[in-house]
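Visitor: Sharing a sequence plus its predicted fold:
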Amino acid sequence: MARVWSLQEVAQHNASSSCWVVINNKVYDVTDFLPAHPGGDKIILKYAGRDATAAYEPIHPKDALDKHLPPEKHLGPLDSAGTDVLKEEQAARRKTQDEIRVEQARARKRPINQILSLQDMEDVAHEVLSYKTWAFYRSASDDEITYNENRRAFSRFFFHPRVLRPVSKVDPSTTILGFSSSLPIFVSAASLGKLGHPLGELNITRGAGRTGIIQMISHYASVSRQELAAARISPSQPLFFQLYKDKDDKVSEKDLHEIEGLGFNAVFLTVDASLNGNRERDLKAPFELEAQERLLEEAQVAGKGEMPERPEDADNKLVEGELVLVGTSGGLRTTSDLDMSWSRTLPWLRRTTKLPIVLKGIQTVADAVMAVEAGVEGILISNHGVGHFAELFCSSLPPIEVLYRIRKERPDVFDKLEVYIDCGVHRGTDVLKALCLGARAVGLGRAFHFAQSAYGEAGVVQTVRILQREIILGMRLLGVTSVKELVPEMIERVDWQPLLSKM
Ligand code: HEM
Ligand SMILES: Cc1cc2nc3c(=O)[nH]c(=O)nc-3n(C[C@H](O)[C@H](O)[C@H](O)COP(=O)(O)O)c2cc1C
């Protein structure tokens, strides 16, 4: 029988030299795991020596502890006195202002049939998501210029619609890497789906299956890969896997064998986000929430003529050494391979997996050409939706502009591999513009997180239906009946910025 532990015993292991945590009334020694934690060691150290269930549970896949901690680090259960104390603490916990706001917003949410555009969906998500989750899902690098431009760039491309062509029968379906897709769109990998909805990425797997589109599952999905594979609507529903290459090849080899065993159909190797960009909206969330709570406390004591004490030096603390900030995305990818290269990583990946390989995060014509030379099956032109690439900070070119440059400078690329883009896609017409320039399909990241957060699986289905309607309507207005007929002659880029009413 495993030994039981008291809260006092756990509390003694409250430092990086010996760090224990309690999760669901079980005690874990995570000391050796700290440097490997994908969310960074600091975030775990916040809970060192105490219960971490509330922080851990909502965002980690069920199998995370079994997969990453060797059995001897699963120390055993908490004793019954400890369990009772935690239960009492949980029952006595006061709801935060933000939790109350979210509950009220969920209760008066618009019915889903009133959601007619992706912007409507995003507006509901904004209302019903916690402040912290919204900050993480919506945040982007530095001044968010890339984020805004990703979207605005589509407006600089105009169509040349053709008339007097029969369009009563329109077929917007295509194939992606040989797998059928009902529309030329797919779900781009986004982590931590459970922050937005208890079922998280499961909503997306089911919604994608029901509507016949393909989901790329994040390396850091908050639902286990096993559960997601099991949630497929049929065994033939394709699933793509997004890989963050670990600096230890063996760790990534294990990931790849796992997903191959589960029947995944392609690997998207992320090449643009080994380091996190500076996502200030996300980083500020904890401070702003604290300020909210403080205001509430101040309001509560104001009636009694008391003010809560503030430490004397609260406004005047010197920051020693390097500035280290931890939002939800902060410190991520501490285990990333920062030495990936064309000559080493791609041959390694080809040797390790039989699945088709796509490079996610290509941002230049030169790298698109190198990808052709490397013999991969596809490239996803992307700046992670956030101008994420740390060295470029917030100044990555919008993917539609990179696509345009490839079309102009190296159109041969499109004959040699499949080209996709993501970032900033909000309308069916955005999809059609990318297809005219030669993209095979277009990915959406945030849109599906917003949808599943707001309405679960139904939200995902509604998002696909909205895009389907807009794509079919757009094809009719362009005078085409299949995606093959969308060609560069149907689109023109202007060098002025159209006026936009709302973004
Ligand atoms: C053992 C105790 C653990 C604790 C207390 C813990 C806690 C946390 C916390 C608090 C965050 C940041 C989320 C936020 O700021 O709201 C986080 C992020 C993360 N954790 Fe853990 N974690 C633990 C173990 C694990 C394990 C075993 C894995 C498995 C790989 C894991 C994977 C991740 C990932 C992938 C993220 C970051 C996701 C992202 O930002 O995209 N964690 N963790
Ligand atoms: C909240 C969030 C989480 C993300 N997580 C990942 C991830 O785990 N892996 C990855 O390769 N890309 C990730 N991305 C980037 C997306 O795959 C995609 O490139 C981006 O969201 C596309 O832009 P869009 O959100 O404007 O559609 C994430 C993006 C967001 C906004």
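Guide: Good, I have the coordinates. Residues are numbered from 1 along each chain as shown. Ligands and ions are numbered 1, 2, ... in the order given.
Visitor: going forward, measure contacts between C-alpha atoms and count neighbours the same way
Guide: Fine.
Visitor: Which residue ranges make up the domains of this structure?
Guide: 7-92, 114-277+331-493 (automatic domain parsing).
Visitor: In contact with residue 436: list those residues for me.
Guide: Neighbouring residues of residue 436 by CA atoms under 8 Å, 6 or more residues apart in numbering: 486, 487, 488, 489, 490, 491.
Visitor: what about residue 368, distance to ligand 2?
Guide: Residue 368 sits at a distance of 17 Å from ligand 2 (criterion: CA to the nearest ligand atom, to the nearest Å).
Visitor: Tell me which of the domains of the chain is the most buried.
Guide: domain 114-277+331-493 (a mean of 20; mean count of other CA atoms under 10 Å).
Visitor: what about it, average pLDDT?
Guide: For domain 114-277+331-493, mean pLDDT rounds to 94.
Visitor: one step back: now intersect the contacts of residue 436 with the strands, please.
Guide: Counted as lying in strands by DSSP state E, out of the contacts of residue 436, are residue 491.
Visitor: Nearest to residue 186 among the contacts of residue 436?
Guide: Nearest to residue 186 out of the contacts of residue 436 is residue 486 (CA to CA; 18.1 Å).
Visitor: who touches stretch 217-230?
Guide: With CA under 8 Å, 6+ apart as the test, stretch 217-230 has contacts from 59-64, 188-194, 199-202, 205, 239-244, 259, 262-264.
Visitor: Can you give me the end-to-end span of it?
Guide: Distance between the two ends of stretch 217-230: 13 Å, counting by CA to CA, to the nearest Å.
Visitor: Tell me how far it lies from the chain's centre.
Guide: Computed by CA atoms, centre = their mean, to the nearest Å, the separation of stretch 217-230 from the middle of its chain amounts to 12 Å.
Visitor: from the contacts of stretch 217-230, which are also near ligand 2?
Guide: Restricting the contacts of stretch 217-230 to those near ligand 2 by CA under 6 Å from any ligand atom leaves 188, 189, 190, 191, 242.
Visitor: Shouldn't the fourth one be within a strand?
Guide: In this case it means residue 191. No: Residue 191 is assigned coil when assessed by DSSP: H, G, I helix; E, B strand; the rest coil, not a strand.
Visitor: mind listing what it touches?
Guide: 218, 219, 220, 221, 222.
Visitor: Out of those residues, which is nearest to ligand 1?
Guide: Proximity of the contacts of residue 191 to ligand 1 (CA to the nearest ligand atom) peaks at residue 220, which lies at 4.7 Å.
Visitor: any residue of the longest helix seen in the chain up close to ligand 1?
Guide: When the chain is parsed with DSSP state H, its longest helix is helix 446-478. No: between helix 446-478 and ligand 1, judged by CA under 6 Å from any ligand atom, nothing touches; the nearest distance is 13.1 Å.
Visitor: Which strands or helices does that helix pack on?
Guide: Helix 446-478 makes packing contacts with helix 118-128, helix 131-138, helix 201-211, helix 428-437 when contacts are defined by 3 or more CA pairs under 8 Å, 6 or more residues apart in numbering; DSSP states H and E.
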